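Chemist: Turn this into a model:
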Amino acid sequence: MNRLLVFSAAVLAFALSACGTSPEQLCNDAVAAMCNKMYTCYTGAELDAIKSQFGPTEADCTSKFKTQAACASKKDSSTACETGKTYDASAASACVSDFKALSCEALKGNMTPTSCDNVCK
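Modeler: Here you go, the predicted structure:
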């Protein structure tokens, strides 16, 4: 379960930086994709273990992480990345698409798509 904490922190960081077409919308999409993957891939005891941290349902997880990722503050490319980094909308779109396509095995192995590394450079 410790790996799940590391993974969720990585995904939250991804959501904080992965915002594109409209940075706010892609941030929301990233959070929704993360929660969907978790509540689809984890079953039984694994699912029970994440519910205490992420909420009893996928919708609860999505709502919680959208707030934590502060997606609403990412209105445009000037606020999507930390100071000194340039936002790449194409990379952000690719990152969200690649995350949605991530296999359950990759999710459980705490892997994130390499395209996500190029969102803010």
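Chemist: Check whether Ile50 really touches Thr40, as I assumed.
Modeler: No - applying CB atoms under 8 Å, one finds Ile50 not in contact with Thr40, separated by 11.7 Å. The C-beta positions use only the backbone N, C-alpha and C, and glycine is treated the same way.
Chemist: Who has more neighbours out of the two?
Modeler: More crowded of Ile50 and Thr40, by other CB atoms under 10 Å: Ile50, with 18 against 12.
Chemist: In the chain, where's the longest helix?
Modeler: For the chain, the longest helix by residue count, based on DSSP state H, is helix 23-41.
Chemist: what's that one packed up against?
Modeler: Judged by 3 or more CB pairs under 8 Å, 6 or more residues apart in numbering; DSSP states H and E, helix 23-41 is in contact with helix 2-17, helix 44-54, helix 58-69, helix 77-80, helix 89-100, helix 104-108.
Chemist: for that helix, which positions count as buried?
Modeler: Of all the residues in helix 23-41, those buried under the rule 16 or more other CB atoms under 10 Å are 23-24, 26-35, 37-39, 41.
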